[in-house]
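Enquirer: Structure for this input, please:
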Amino acid sequence: MGRILNKRITIAIDGPAGSGKSTVAKLVADALGILYLDTGAMYRAITLKALRAGIVLTQEEALTNLAAQTVLEFKQTADGGYHLFMDGEDVSDQIRSDQVTKKVSIVAAVAGVRAVLVKQQQIIGHLGGVVMDGRDIGTVVLPQADLKIFLIASLEERAQRRWLELQAKGAAVTKHEIQEDLKQRDAFDSGRPVAPMRPAADSVTIDSSRLSIQEVVARILSLV
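Expert: Reported below is the predicted structural model:
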């Protein structure tokens, strides 16, 4: 598919952990020649900073103040990709640590933190020309997005994908442990009182359980 004429298009991709949102969103943005904004990375950065500072993750006021005082920027680097810089530091790798992954849902559920980061995301989103992925993009961050996708996959398939990813990094973890972690994250993300994970009423649900990444991207581009 060639470059689109409407460079101001906005696309929201939501879904549970391990459904392939980030990979798909990056490829869709690249195919369309527009920006990819990883909103989950922003919450991961605040989580990383809180853990470094020794902040107890139940201290909502402290977390909100931390978010308000943090400068987050997505910058294109020499490798052509966009890296997340937190207060001038490239934290793209650190935010993917197992410790951050296990705690990010707690921080992302804090209303004050969400208010700070959603405001930043909406400023970027309202400019158009962006693909955003997360849990509440189509329902809260960009409710007027031109296209909303809710990407799902079976728990077993998501656990398998995450296990292969961690195996490649040399992590010693079982599929059962990953599956239980994903199950807990699903329950937490969909049951949180602030901006719970759910499909927008006008979203298109795509089940990627038996689809390749390329097939999912092709479906989204055909909807565009």
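Enquirer: Moving C-terminal from the worst-scoring helix or strand of the chain on mean pLDDT, which element do we reach first?
Expert: The weakest-scoring helix or strand in the chain, judged by mean pLDDT, DSSP states H and E, is strand 72-76 (a mean of 87). The helix or strand immediately downstream of strand 72-76 is strand 82-86, counting by DSSP states H and E.
Enquirer: Counting by contacts, list what the biggest helix by length in the chain packs against.
Expert: Assignment by DSSP state H gives helix 175-191 as the longest helix of the chain. The helices and strands touching helix 175-191, judged by 3 or more C-beta pairs under 8 Å, 6 or more residues apart in numbering; DSSP states H and E, are helix 98-108, helix 155-168. (Each C-beta comes from the backbone N, C-alpha and C, glycine too.)
Enquirer: Each with direction, which strands does the least confident helix or strand of the chain pair with?
Expert: Strand 72-76 sits in its sheet next to strand 82-86 (antiparallel), going by DSSP bridges.
Enquirer: Need the contact partners of the helix or strand just after the strand it pairs with.
Expert: The helix or strand immediately downstream of strand 82-86 is strand 89-90, counting by DSSP H and E. Contacting residues not belonging to strand 89-90 are listed as 77, 83-84 [C-beta atoms under 8 Å, 6 or more residues apart in numbering].
Enquirer: Could you rerun that using 10 Å?
Expert: Identification of contacts with strand 89-90 by C-beta atoms under 10 Å, 6 or more residues apart in numbering yields 45, 48-49, 73, 75, 77, 83-84.
Enquirer: Would you mind measuring from the residue nearest to Ser92 when sequence neighbours are not counted to Val173?
Expert: Nearest residue to Ser92, sequence neighbours excluded (C-beta to C-beta, 6 or more residues apart in numbering): His83, at 4.4 Å. Distance of His83 to Val173, computed by C-beta to C-beta, to the nearest Å: 26 Å.
Enquirer: Check the gap between His176 and Glu89 for me.
Expert: 35 Å.
Enquirer: before we move on, what about Thr77?
Expert: Distance of Thr77 to Glu89, given as C-beta to C-beta: 13 Å.
Enquirer: next one: Pro16
Expert: From Pro16 across to Glu89, the span is 29 Å (C-beta to C-beta).
Enquirer: cool, Ala159 as well?
Expert: Using C-beta to C-beta, Ala159 is found at 32 Å from Glu89.
Enquirer: More neighbours: the two, which one.
Expert: Between Ala159 and Glu89, counting by other C-beta atoms under 10 Å, Ala159 is the more crowded of the two (22 against 12).
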